[in-house]
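**Q** when you get a sec, could you give me coordinates for this:
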Amino acid sequence: MSITYKKAGVDIEAGNELVGRIKKSFPKIGGFGGLFPLAKSKYNLVSSTDGVGTKLKLAFLADKHDSVGIDLVAMNVNDLICCGAKPLFFLDYLACGKLNVNQAEEIINGISKGCVQAGAALIGGETAEMPGFYKDGEYDLAGFAVGTVEKGKEITGKKIKPGDIIIGLASSGPHSNGYSLIRKVFSAKELKKYSVQLLTPTKIYVKEIMAAISKFNSKKHNITGIAHITGGSFYDKIGRILPENCKAVIEKNSWKVPEIFNIIREKGKVSEKDIYRTLNMGIGMAVIVRPEAAPQIKKFFKEAKIIGYIKKDKRNVEII
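**A** Purely as a prediction, here's the structure:
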């Protein structure tokens, strides 16, 4: 029997429906980060919030807590940079049934490392003990980041047009999405077997993305869109930033998919549509650029591949 993300307990369509309902009252939401224009300033504040998700279940199983803090920071700051914002600071929220000080110290050290990688200050947080709410040894993590982007220099996807090229930046593994599916596919023994690959922390792209924006968008909008490939993966995350008349075509053979993704797909008999809507398949960020600048931008990024292009059509994402 094939396994889907929905069968594993995650209904992407329901999540999209909720966002659609909320947008009726708050039409400006739905981007990777929320923009707040500062009065009498040339800057917007940009914020994002996220957690680590059920990847934490694997951390509990392996009793390894030193890297999930990096995941927490990454899931937030990688969203911020999608609109061109530079992260400024980060706050975390750690909730547990009973505080294990040594465990918490490992987690927070990971958060600190993530902030160093992102160039953001860790300025505070909250630790909540809620007896009876979590199983012994288990906890949840959430956080939020705040950054700034100059007004008029936001990268929103509105400037994307047919002919633009999609550059993919390599992921470090599944990052922090799709773990409900992964845990459905693998037994506890298999999860431990693959724990090194599965617990590799989410790559933080801040420094290379910000450097690329500084180099290639200082005079022209050569980078027209950036998508963090997380929940909903290629279909939802790239689709989110496309104008109405643009279709993204992803060429799946343009990069080598890391073996762990093939193992998940084969063992779970996961369909192509579902696997590319659940896991990042080795691509952590998609950067959409003008065709004339594509060779230079691809060369600028490490381990980058041209993975597709934009064509004139109804807004959609197609994987071929």
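**Q** and stretch 143-158, end to end?
**A** The straight-line separation of the ends of stretch 143-158 (Cα to Cα, to the nearest Å) is 28 Å.
**Q** partners of residue 44 in the sheet?
**A** Taking DSSP bridges as the rule, residue 44 bridges to residue 37, residue 149.
**Q** hmm, it is touching residue 37, no?
**A** Yes: counting by Cβ atoms under 8 Å, residue 37 is a contact partner of residue 44 at 5.1 Å. The way it works is simple: take the backbone N, C-alpha and C, and place the C-beta from them, glycine included.
**Q** between the two, who's got more neighbours?
**A** Ranked by neighbour count (other Cβ atoms under 10 Å), residue 44 and residue 37 place residue 44 first, with 22 against 10.
**Q** the more buried one and residue 85: what is the separation?
**A** 8 Å (Cβ to Cβ, to the nearest Å).
**Q** and if you look at residue 256?
**A** 31 Å.
**Q** so the two - more neighbours on which side?
**A** Set side by side, residue 256 and residue 85 show more neighbours around residue 85, with 31 against 9, by other Cβ under 10 Å.
**Q** for the more buried one, which residues are in contact?
**A** 33, 44, 46, 147, 148, 149 (Cβ atoms under 8 Å, 6 or more residues apart in numbering).
**Q** how about the fifth one, what does it touch?
**A** What that stands for is residue 148. Counted by Cβ under 8 Å, 6+ apart, residue 148 has contacts 43, 44, 45, 46, 85, 86, 88.
**Q** of those residues, grab the buried ones for PyMOL.
**A** For the buried members of the contacts of residue 148, the matching PyMOL selection, counting by 16 or more other Cβ atoms under 10 Å, is:
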select buried, resi 43+44+45+46+85+86+88
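**Q** between residue 44 and residue 85, what contacts are shared?
**A** By Cβ under 8 Å, 6+ apart, the residues touching both residue 44 and residue 85 are 148, 149.
**Q** still on that earlier bit, need the max-distance pair from the contacts of residue 85.
**A** For the contacts of residue 85, with distances taken as Cβ to Cβ, the pair at the greatest spread is 33 and 148 (10.8 Å).
**Q** need phi/psi at residue 57.
**A** Note on residue 57: backbone dihedrals following degrees, to the nearest 10 are phi -60, psi -40.
**Q** ok, now the one 3 residues further on?
**A** Comment: the main-chain dihedrals of residue 60 come out as phi -60, psi -50, following degrees, to the nearest 10.
**Q** residues contacting the residue in the chain sticking out farthest from the centre?
**A** Here the centre of the chain is the reference, and by Cα atoms, centre = their mean the most remote residue is residue 40, at 32.0 Å. Listed by Cβ under 8 Å, 6+ apart, residue 40 has no contact partners.
**Q** may I have stretch 206-219 exported as CSV, CA atoms only?
**A** Coordinates of each C-alpha in stretch 206-219 appear next as CSV, following Å, rounded to 0.1, in the frame of the first residue of the first chain:
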residue,chain,number,x,y,z
VAL,A,206,21.2,33.6,5.1
LYS,A,207,24.7,34.6,4.3
GLU,A,208,24.8,33.3,0.7
ILE,A,209,21.4,34.6,-0.1
MET,A,210,22.0,38.1,1.3
ALA,A,211,25.4,38.2,-0.5
ALA,A,212,23.7,37.3,-3.8
ILE,A,213,21.1,40.0,-3.3
SER,A,214,23.7,42.6,-2.5
LYS,A,215,25.7,41.6,-5.6
PHE,A,216,23.0,41.0,-8.2
ASN,A,217,20.1,43.2,-7.0
SER,A,218,21.8,46.4,-6.2
LYS,A,219,21.0,48.1,-9.6
